[in-house]
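K.L.:
quick one, what's the 3D model for this:
(3 chains)
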Amino acid sequence: MTETVKTRIVVADDDLDILDLVVFKLNQAGFDTVAVTDGVAALAAIEAEPTRLAILDIMMPGLSGLDVLRNLRANEATKGLDVILLTARARDADVDTGFATGANDYVIKPFSPRELLHRVNAVLARGDR
Amino acid sequence: MSAGRTFLIVGAAIGLACASAIIVVAIAKLRRGRVAARSRAMLAPYRHSLITMVSGEDDDGQAREALSAVPAPIWVCLRPSVVAFLPKVRGLPADNLGELMRAHGEIDEATRRLTSRSAVRRARAAYLLGLVRDPASAALVLPLLSDHVADVRLVAARALGTIGDPAAASGILDALRTQNGQIGLPAWVAAEALLAMGPGIGPVLQIGLASKDPAVRNVCAKVAGHGTYLSTVPQLRVLLATDSDGDVRVSSAVALGRVGGAHDAAILLRHTDASEPTVLRRTCATALGDLGQRESLEALAGLLADDDRRLAERAADSLVRIGTEGIARLREAAVTTPQGPSARAAGCALELAGLRGQLAVSLTGS
Amino acid sequence: MMIQFDFLWGLARVVSAIMSVVAGPVLIYFLVVNTSLLMLMGLAGWEFVRQNRRKSYAGSEQMAASQLGQGVSVVVPAHNEEVVIVTSVQALLALRFGRHEVIVVDDGSTDATFERLRGAFDLVPVRREIPGDVTTRGAVIDVHVPRDGRTRLVLVRKKNSGRSDSINVGINASIESLVVFIDADSILEPDALISVTKPFADDPTRVVATGGVIRAINGCKVVDGRMVEVKLGKPWLVRIQVVEYLRAFMLGRSGWSRFGALILISGAFGMFRRDVLVEVGGLDPDSIGEDFELVMRIHRHMIDNGRDYRVQFVAEPVSWTEVPVTATVLRSQRKRWHRGLWETLWKYRGMLLNPRYGRVGLVAIPYYWTFELIAPFLELAGFVLVVLGFALGVVSTPYALMFMAVAYGYATLVTLVAMAIEELSFHKYRRWRDLGAILMAALLENLGYRQATAWWRLEGWWASLRGKKPVWGTMTRQGFGDDSPARASLSGDV
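P.N.:
Prediction:
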């Protein structure tokens, strides 16, 4: 299957190490990755071009990942966007909130980059159906 | 000495001191700027290798080799980045990072520093070993639980938690003891460390629940409720009913709510009685919601009218969580005596449940 | 002409007579004040070094992700804060912490505060009951939460009754075991809650209150409620205040905390245990020295009840707030502060030099009486006497110079040492020109600013002694109202 257009993923995290890491991993896997460090930039990046998936950290200063998610789900254009939350918030209540707000998956830090890639592929595959 | 001379001396001293302060500021700033720029320049080529390795894309091992071969002066600058990645990833990348640290002698160095005379070094060493998560270091860090510096004990406990070796569990409980008027370890640090050790600590918890030290009993009760240590349930019941320490009873109540069975509903209900301390009553009310038993419905509904409004709030919330029948009971309470306390508590809980979308879903208790 | 000469000559004799008595004590006073500040600074510097080293193993990520740690309720009293409230609340909700809630108490705002919040967070009314743990005056009108039912934001609207009473309502509405009060126009560092909760986390049974460092936000670049770049404001008045804050708040208090006798937590950022707050009855709505009075009350309560407790200061910058830009606003602020200081110290005069109250009663409170309360009087008196005496020829040049050196030169040294410690530990001001400006400000402070603030403080004290009623809730708002041009430029340079 030849793809002329790479799948675009937006990654938002205020931690530059995580950003570098995830972007590299996804790029190696053939995605077109856009990295941003806060929620406002994330929304802008998502709206700028057709995006398939967003990976969001929750605890970002300013607009949190959950705020971004809420924004996306409230907007007709981005309602169906796949979102994976990548966060250190590991309490049950946090996971509940994450899914209740509309996330497709919830990955807790410390995380396995390989596992993250699998989950990205799985979420995208589900969306294709 | 003449007044004039005194002034000159004093004036000069102050002037000199001022100048020194200014010079210190200037030098500190200059140095910082230079150090930062220099290390960035040095590290640039290695960043790529580091990212390759940490993301698990280092199939041919070249990145790992390159990083292991880094000369000592550059390693000193690279080290903080490597350490920064350790708590962020797990799996093969984390193992690789650990190996990298070992290859540069960091593990050996840290092991040595565990017995350093400087408390800061001991703490940093323990922290590092905790980050690397090598099971072999648990035994080495364990002695630091009885260190005379509180900070070191704390870091050691956390490190043992992240390393995750259940053999360290009893050591952590021992460290809770108050030493020289100082608490050995904050309860929640111990609890989190124990939780991270997994199901293997069941027996240790059982022993701890019978300890003479209320701090130990408290921590064990906390942990019992967050994991699945069902073997502790009989003891939890006893502690809830009869322990002399209020915190222990509260922690036991929370735990019972999570791991208890059907007959524990009655026990928890008993302790919502007005004769019990406020905190315990409220905790039991919440725990009943965690337990989710039909048997609690009547009593919880009764609590809606209690003088303690927080208690009523929690009882109402528990009713929501019990499921359809609880919600039905709330609806009943909301319409009988509309302005009464029961109705208010019920009404509020129903509103919140509606907002959260909990009314549509039918959650059945066990 | 002759009359004037007589008058001057008579004045000279009076001044000379006074000076012959106080010449030595005046110098000694300034020596003691500045030396004690230097000592406190030494303690503080040591504390910073310790805290900084701790950072290498503190594991703040773990604290942020902690499952079992204590939760925090952030209480934000708000009156007519439509400009900043939404950004402020968003930033507060996004703070890095395991478990926290934000409680906004709308103190009868007449502007769009409520509407803005409602729109931004999709608030819906709920029939939530607010318990009466702490007695309050302003009646609660209603309670709102976001429609998703999960975002931990609560908006309580109530009738206007002032900041302290609003905070008390917030305490009642709070669920978590730790409560922190912050002003709506303060910006917090993302890790602020982690920093200020640490003392509670490390010593949960004893620590009852902590306070964090407040810095001046004027001139800083703030985007979306987040500090992006720390810069120094342009007006010299602001710069001098930055220097003041640096010295007095950060170091004076940190030193006291180390010494174990911290009695003043700045109102802009203080965290308390909820149960202790309820025990002592919350803030006193009638007291002008709100935060100060609360901490004193806590000290007295804990000591009276023989409890083992600690009040701790967190030596890390956590909160940024706007400082007055005009002399008018600054004046009313200083008048109010000093008045609050006086009224509170007087209210708790029973603790003064009372051995029952340990270090607090025997060291901290007397220190505050002498070097904070009476200080402006002594400073101004000394200054006036020396200047007058020198002009009239009854004070020798060496003495006058000595006075300047000890009163102002030494004070400048204290400030420079503060600067040095700041640069070595936090180095928040990056630009060379900012450091240079701070240096200038340290010098300029003694050329009129100190004297002016001393006079204003005395004005406040006098107003209190005359029994003049304070202009209450509105006074605070007017202050920020005057500052609105500054606030509007929060995202740029002042």
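K.L.:
got the residues of chain A near chain B?
P.N.:
Listed as neighbours of chain B in chain A under the rule Cβ under 8 Å from any Cβ of the partner chain: A:15, A:17-18, A:20-22, A:24-25, A:28, A:100, A:109-115. From N, CA and C alone the C-beta is placed, and that goes for glycine too.
K.L.:
whichever of those residues end up buried, select them in ChimeraX.
P.N.:
Selection of buried members from the residues of chain A next to chain B for ChimeraX, criterion 16 or more other Cβ atoms under 10 Å in any protein chain shown:
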select /A:15,17,18,20,21,22,24,25,109,110,111,112,113,114
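K.L.:
just the residues of chain A next to chain B: which are in helices?
P.N.:
A:17-18, A:20-22, A:24-25, A:28, A:100, A:113-115 (DSSP state H).
K.L.:
how about the strands in the chain?
P.N.:
Since no chain was named, I'll use chain A. A:8-12, A:32-36, A:53-56, A:82-87, A:105-108 (DSSP state E).
K.L.:
switch to chain C, please.
P.N.:
Under the criterion DSSP E, chain C contains strands at C:72-78, C:100-107, C:123-126, C:140-146, C:153-158, C:178-182, C:187-188, C:207-216, C:221-223, C:226-229, C:269-273, C:310-321.
K.L.:
near chain C, list only the ones from the ones in helices among the residues of chain A next to chain B.
P.N.:
Intersecting those with the contacts of chain C gives A:Ala100 (criterion: Cβ under 8 Å from any Cβ).
K.L.:
OK, contacts around the nearest residue to C:Arg334 once chain neighbours are set aside?
P.N.:
Distances taken as Cβ to Cβ, 6 or more residues apart in numbering or on different chains place C:Trp456 nearest to C:Arg334, at 4.3 Å, with adjacent residues excluded. The contact partners of C:Trp456, by Cβ atoms under 8 Å, 6 or more residues apart in numbering or on different chains, come to C:330-331, C:334-335, C:338.
K.L.:
just put those residues in a markdown table and tack on neighbour count.
P.N.:
Listed next are the contacts of C:Trp456 as a markdown table, based on neighbours: other Cβ atoms under 10 Å in any protein chain shown:
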| residue | neighbour count |
| --- | --- |
| C:Leu330 | 21 |
| C:Arg331 | 18 |
| C:Arg334 | 21 |
| C:Lys335 | 24 |
| C:His338 | 27 |
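K.L.:
dump the residues you listed into CSV; add distance to B:Ala28 and pLDDT as well.
P.N.:
CSV is the format used below for those (distance: Cβ to Cβ, whole Å; pLDDT from 0 to 100):
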residue, distance to B:Ala28, pLDDT
C:Leu330, 31, 92
C:Arg331, 36, 93
C:Arg334, 32, 90
C:Lys335, 38, 91
C:His338, 35, 89
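K.L.:
restricted to helices, list those residues.
P.N.:
Those of these lying in helices (DSSP H): C:330-331, C:334-335, C:338.
K.L.:
residue contacts, C:Ala23?
P.N.:
For C:Ala23, the contacting residues are C:Tyr399, by Cβ under 8 Å, 6+ apart.
K.L.:
let me fix that: A:Val5
P.N.:
A:Val5 is in contact with no residue at all, counting by Cβ under 8 Å, 6+ apart.
K.L.:
mind checking pLDDT for it?
P.N.:
A:Val5 is assigned 77 on the pLDDT scale.
K.L.:
for the ones in helices among the residues of chain A next to chain B, which one is nearest chain C?
P.N.:
In terms of Cβ to the nearest Cβ, no member of these lies closer to chain C than A:Ala100, at 6.1 Å.
K.L.:
so who does the nearest residue to that closest one once chain neighbours are set aside touch?
P.N.:
With Cβ to Cβ, 6+ apart as the criterion, A:Ala100 has its nearest non-adjacent residue at 6.1 Å, and that residue is C:Arg150. Neighbouring residues of C:Arg150 by Cβ under 8 Å, 6+ apart: A:96-97, A:100-101, B:356.
K.L.:
turn these into CSV, including distance to B:Arg237 and pLDDT.
P.N.:
Below are the contacts of C:Arg150 laid out as CSV (distance: Cβ to Cβ, whole Å; pLDDT from 0 to 100):
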residue, distance to B:Arg237, pLDDT
A:Asp96, 28, 86
A:Thr97, 32, 86
A:Ala100, 34, 87
A:Thr101, 38, 88
B:Arg356, 32, 84
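K.L.:
how about these, which pair is most distant?
P.N.:
A:Thr101 and B:Arg356 (11.1 Å; Cβ to Cβ).
K.L.:
next, show the common contact partners of those two.
P.N.:
By Cβ under 8 Å, 6+ apart, the residues touching both A:Thr101 and B:Arg356 are C:148, C:150.
K.L.:
could you check which of these two has the larger neighbour count?
P.N.:
Shown here are A:Thr101 and B:Arg356; by other Cβ atoms under 10 Å in any protein chain shown, A:Thr101 has more neighbours (21 against 17).
K.L.:
could you measure the residue nearest to A:Ala100 against C:Leu178, distance?
P.N.:
Separation of C:Arg150 from C:Leu178 (Cβ to Cβ, to the nearest Å): 21 Å.
K.L.:
and what of B:Ala28?
P.N.:
Using Cβ to Cβ, we find B:Ala28 at a distance of 35 Å from C:Leu178.
K.L.:
then C:Met296?
P.N.:
For C:Met296, the distance to C:Leu178 - Cβ to Cβ - is 20 Å.
K.L.:
the two: who's more crowded?
P.N.:
C:Leu178 (27 against 23).
K.L.:
C:Pro324 against C:Tyr245, yeah?
P.N.:
No - with contacts counted by Cβ atoms under 8 Å, C:Pro324 stays clear of C:Tyr245, the gap being 11.9 Å.
K.L.:
which one of those two is surrounded by more residues?
P.N.:
For C:Pro324 and C:Tyr245, the more surrounded residue by other Cβ under 10 Å is C:Pro324, and the numbers stand at 22 against 18.
K.L.:
how close does that one get to C:Glu379?
P.N.:
Distance from C:Pro324 to C:Glu379, by Cβ to Cβ: 21 Å.
K.L.:
now do C:Pro25
P.N.:
In this view, C:Pro25 and C:Glu379 are 13 Å apart by Cβ to Cβ.
K.L.:
please apply the same query to B:Ala156.
P.N.:
B:Ala156 is 51 Å from C:Glu379, by Cβ to Cβ.
K.L.:
go on, B:Lys88?
P.N.:
Counting by Cβ to Cβ, the gap from B:Lys88 to C:Glu379 is 53 Å.
K.L.:
mind checking which of these two has more residues around it?
P.N.:
Neighbours per residue, other Cβ under 10 Å: of B:Lys88 and C:Glu379, the larger number sits with C:Glu379, 23 against 20.
K.L.:
from B:Arg122, how far out is the more buried one?
P.N.:
47 Å.
K.L.:
per-residue confidence for C:Gly382?
P.N.:
Note on C:Gly382: pLDDT of 87.
K.L.:
what sits against it?
P.N.:
For C:Gly382, the contacting residues are C:22, C:26, C:29-30, C:403, C:407, by Cβ under 8 Å, 6+ apart.
K.L.:
among the residues you listed, show me the least confident.
P.N.:
Here the lowest pLDDT out of the contacts of C:Gly382 sits on C:Val22, with 80.
K.L.:
contact partners for it?
P.N.:
With Cβ under 8 Å, 6+ apart, C:Val22 has these contacts: C:382, C:385.
K.L.:
repeat that for the one 4 residues further on.
P.N.:
When the contact criterion is Cβ under 8 Å, 6+ apart, the partners of C:Val26 are C:378, C:382, C:385-386, C:403.
K.L.:
show me which of those are buried.
P.N.:
By neighbour count, with 16+ other Cβ under 10 Å, the contacts of C:Val26 hold C:378, C:382, C:385-386, C:403 as buried.
K.L.:
now the residue of chain B found nearest chain A: how far from C:Leu193?
P.N.:
Residue nearest to chain A within chain B: B:Gly91 (3.6 Å; Cβ to the nearest Cβ). Remark: distance between B:Gly91 and C:Leu193 (Cβ to Cβ) = 30 Å.
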